[in-house]
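Q: I would like the atomic coordinates for the input below:
(chains A and B)
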Amino acid sequence: MAKVAAPNPPPRTRVAALAGRATAAMSRALGKGEGSVIGGRVTLVLDPHGLENLARSRTVAVVSGTNGKTTTTSMLSAALQTIEPVATNLAGANMYGGMVSAMSSSRARLVVLEADEGHLPKTIESTKPRIVVLLNLSRDQLDRVGEVRMQAEKWRNSLDKFPNIVVANADDPMVVWAGQIARSVVWVAAGSSWRLDASSCPSCGSQIDWNGGEWRCTSCELRRPEPHAFVTSSTVAARRVGGEVRVPIDLRLPGDVNRRNAAVALTAATLLGADPLAAAQAVAKLEGAGGRFASVKISGCKARLILAKNPAGWTEALRIAQSDVPAAVIGINARVQDGRDPSWLWDVPFEQLAGRFIVATGDRGRDLAVRLRYAGVDHVFISDPVNAVQTAAQRAGSKDIEIDVMGNYSAFQEFRKVAQ
Amino acid sequence: MSDPSVKSTTRLSICLLFPDLLGTYGDGGNAVVLAKRAEWRGINAEILPVNMGEAVPERCDMYLLGGGEDQPQSEVTSILEQSRALHKAVDRGAVVLAVCAGMQILGQSFSIAGSKTRAGLGLLDLTTRRGEGTRAVGEISVRPDGEFGYPPLTGYENHGGVTTLGKTARPLGKVISGRGNDDGSKTEGVIQGKIAGTYLHGPVLARNAQFADRLLEWATGDHLAPIDDSDVEALRDERLAATSTAKRRRFRRASSGA
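A: Next comes the predicted model:
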């Protein structure tokens, strides 16, 4: 990869970035959190082209998808840091404010940006990324983001004539349809355990035929592309001219879903010049970003925090949850950032929890309680999160048995606040 | 599947139509609610999901349709037009609950992408056109028609349709808070024969146990004994309080802004 000069944005952008950093520092001093989003917003008010100007003459990779984008972004950053310093957004700050802040607080030439699904088209247009990573698309926050196929179409339109590389999930028909319009696509078998949003073809509306991991439209040309990279039980494998390269992968992060995220991150990092082995070692050491999968104590009770935001994410989370611990906590909110309508609870196979005792909590814990009743899962509703954890620990038998404490976005943040 | 010649109250078949196409808003939960509430009364219920490419059965006791996107909505309409199985079931007296896009499908016509109008199945006397303003998105509460004798319905709406009822259809109820059919009539949903239509998600039957029981009574012909629904009641109280607070807030904003 050719070296380029350190980024040097125009004067207006530099002043705006300075004002943004000052705001962020003030916000931190006032105890209002990290301040990165508000700082980035200030920068954007002073320089509406801030995103574009800050990205100029840098090498940008953008990661988007419904699930796994924060984790994959942190993996890709860690992998690229084996080459040189990387600027990246703070966990989950994936709208323009967070992206601007990532670039204005660092002079790193390499940039990895996590982009909210709805923000991806403008992010591509503004930052002209070298690589766009597309993970998956499934139902999430239908009141805000809109329906899945509409979202796929917006992605597709923004990738039409995209001159650089797209790294995309071959297992998700929505992603394949959106990504294949780009000139150069590297396909990764990144999995899809959630198929309800991809039973009809996004291109022609006909039925999609699933056969194991393979899929194809029954009437048009859309089908699973042959993946260039995939995971085996202990490696990430990539096909290349003259054979296959295999990189051992042994993650601290739990679950198949994270091994597949790692495959995507390593593929993108390698395309940007990282050594696959060094990158894999860096990724293996990662802890969860933004408190994901963190082992904590809540009021003295051992707990493992798990974030899941939508049916696809919950389907994975229930797989990761330990079935040998007899109690767990699930918190559900429906604030703006969660989506206002928790009807999706009925898409989640909570029936799998039968036999365990679940403490339902959160603003919409009562919706969950009704769902659990119909799923035949023994449960209780307790509105206070600390109380909820204590009750579950009691049922588990001891404060020293690590219980799973799962929440959707803002409920998860509430758990983090009360965690020690 | 039950045989109509030996219709018995101990067996109830619930056909969930195209959860793969009309499952966007969690409405498949309505089938779970009906089946469980039947089972809790000793009625042996089974859910038969019918996915794209599978034949639609004609002899189920209940049929459910949910909300979905434009393209799948059109697809389902074509399939049901060709199969006629749902028409035959309705003629036979089967109970239907159709939510959102599902309700639009059963009407005379509806608008799809690019404001083209498409013929519906004609099972409900209503037409739907695409609204010109913003989508109706948010909590909704509805006062049901008095003769149904159940308390306000609570749900969540998320649609861009404007639905107008014809002479032979009655509304499910009057909108207390929210938009509903959104054609200026302040009505929500539809009742025609044993077909109920609504814009309410939640799913609607999870939040409104008595509505679920009424549909079960239509299907079984039995009077169902009440059961302990304290968790549903707690949820309903919370949701109905939330909509009335939101309404007061809007009213206050409107009057202070005037």
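Q: and the residue in the stretch 101-250 of chain A that chain B sits nearest to, how far is that from residue A:78?
A: Nearest to chain B in the stretch 101-250 of chain A, going by C-beta to the nearest C-beta, is residue A:199, at a distance of 3.6 Å. (Each C-beta comes from the backbone N, C-alpha and C, glycine too.) Distance, residue A:199 to residue A:78, using C-beta to C-beta, to the nearest Å: 36 Å.
Q: can you tell me which residues contact the residue lying closest to residue A:278 once chain neighbours are set aside?
A: In space, and not counting its chain neighbours, residue A:278 is closest to residue A:82: 4.4 Å by C-beta to C-beta, 6 or more residues apart in numbering or on different chains. Contact analysis of residue A:82 by C-beta atoms under 8 Å, 6 or more residues apart in numbering or on different chains lists A:269, A:274, A:275, A:278, A:279, A:282.
Q: So, low pLDDT: which residues of the stretch 151-258 of chain B?
A: Applying pLDDT under 70 to the stretch 151-258 of chain B flags the ranges B:246-258.
Q: Up against chain A, what does it have?
A: Within reach of chain A by C-beta under 8 Å from any C-beta of the partner chain, the stretch 151-258 of chain B has these residues: B:156, B:158, B:201, B:202, B:203, B:206, B:207, B:231, B:232, B:234, B:235, B:238.
Q: Tabulate those residues in a markdown table, adding columns for secondary structure and neighbour count.
A: As requested, these are exported to a markdown table (DSSP: H, G, I helix; E, B strand; the rest coil; neighbours: other C-beta atoms under 10 Å in any protein chain shown):
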| residue | secondary structure | neighbour count |
| --- | --- | --- |
| B:156 | strand | 26 |
| B:158 | strand | 22 |
| B:201 | strand | 30 |
| B:202 | coil | 31 |
| B:203 | coil | 29 |
| B:206 | helix | 26 |
| B:207 | helix | 25 |
| B:231 | helix | 21 |
| B:232 | helix | 23 |
| B:234 | helix | 14 |
| B:235 | helix | 25 |
| B:238 | helix | 15 |
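Q: element containing residue B:141, please.
A: Using DSSP states H and E, residue B:141 falls within strand B:136-144.
Q: got the CA positions of that strand in CSV?
A: Taking C-alpha atoms only, strand B:136-144 is exported to CSV below (Å, rounded to 0.1, in the frame of the first residue of the first chain):
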residue,chain,number,x,y,z
ALA,B,136,-48.9,6.5,10.8
VAL,B,137,-46.3,5.3,13.3
GLY,B,138,-46.9,5.0,17.1
GLU,B,139,-48.9,3.7,19.9
ILE,B,140,-52.7,3.5,19.2
SER,B,141,-55.7,2.9,21.3
VAL,B,142,-59.2,2.2,20.0
ARG,B,143,-62.6,2.1,21.6
PRO,B,144,-64.3,-1.1,20.2
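Q: What is it packed up against?
A: Applying 3 or more C-beta pairs under 8 Å, 6 or more residues apart in numbering or on different chains; DSSP states H and E, one finds that strand B:136-144 makes contact with strand B:153-159, strand B:173-177, helix B:230-257.
Q: Can you say which of the ones you listed is packed in most?
A: Ranked by mean neighbour count, the helices and strands packed on strand B:136-144 are led by strand B:153-159 with a mean of 26 (mean count of other C-beta atoms under 10 Å in any protein chain shown).
Q: how far does that one sit from the chain's center?
A: Distance, stretch centre to chain centre, for strand B:153-159: 10 Å (C-alpha atoms, centre = their mean, to the nearest Å).
Q: quick one: contacts of that strand?
A: Strand B:153-159 has contacts (C-beta under 8 Å, 6+ apart) with A:142-143, A:340-341, A:343, B:25, B:67, B:100-101, B:135-144, B:172-173, B:178-180, B:188, B:198-202, B:204, B:207-208, B:211, B:236, B:239-240, B:243.
Q: now the angle between strand B:173-177 and it, please.
A: Here strand B:153-159 runs at an angle of 80 degrees relative to strand B:173-177 (axes from the mean of the first three to the mean of the last three C-alpha atoms, to 10 degrees).
Q: And the helices in chain B?
A: Assigned by DSSP state H, the helices in chain B fall at B:29-39, B:70-83, B:85-92, B:101-106, B:204-207, B:209-220, B:230-257.
Q: For residue A:73, which of the ones you listed is the nearest?
A: Nearest of the helices of chain B to residue A:73, taken as C-beta to C-beta: helix B:70-83 at 31.5 Å.
Q: what number of residues lie near residue A:290?
A: 17 (other C-beta atoms under 10 Å in any protein chain shown).
Q: buried sites along stretch A:271-287?
A: With burial defined by 16 or more other C-beta atoms under 10 Å in any protein chain shown, the residues of stretch A:271-287 counted as buried are A:271, A:272, A:274, A:276, A:279, A:280, A:281, A:282, A:283, A:284, A:286.
Q: can I get those in TSV with pLDDT?
A: Shown next, in TSV, are the buried residues of stretch A:271-287 (pLDDT from 0 to 100):
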residue	pLDDT
A:271	95
A:272	96
A:274	95
A:276	93
A:279	96
A:280	95
A:281	96
A:282	97
A:283	96
A:284	96
A:286	95
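Q: Return the member of those residues nearest to residue A:15.
A: Distance to residue A:15, by C-beta to C-beta, is smallest for residue A:272 among those, at 30.7 Å.
Q: Kindly export the strand or helix carrying residue A:389 (C-alpha atoms) in CSV.
A: Using DSSP H and E, residue A:389 sits in helix A:385-396. The C-alpha atoms that make up helix A:385-396 are tabulated as CSV, following Å, rounded to 0.1, in the frame of the first residue of the first chain:
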residue,chain,number,x,y,z
PRO,A,385,-32.5,-3.7,37.2
VAL,A,386,-30.3,-4.2,40.3
ASN,A,387,-33.2,-6.0,42.0
ALA,A,388,-33.7,-8.1,38.9
VAL,A,389,-30.1,-9.3,38.9
GLN,A,390,-30.3,-10.0,42.7
THR,A,391,-33.4,-12.1,42.2
ALA,A,392,-31.9,-14.1,39.4
ALA,A,393,-28.7,-14.7,41.4
GLN,A,394,-30.8,-16.0,44.2
ARG,A,395,-32.6,-18.4,41.9
ALA,A,396,-29.2,-19.5,40.4
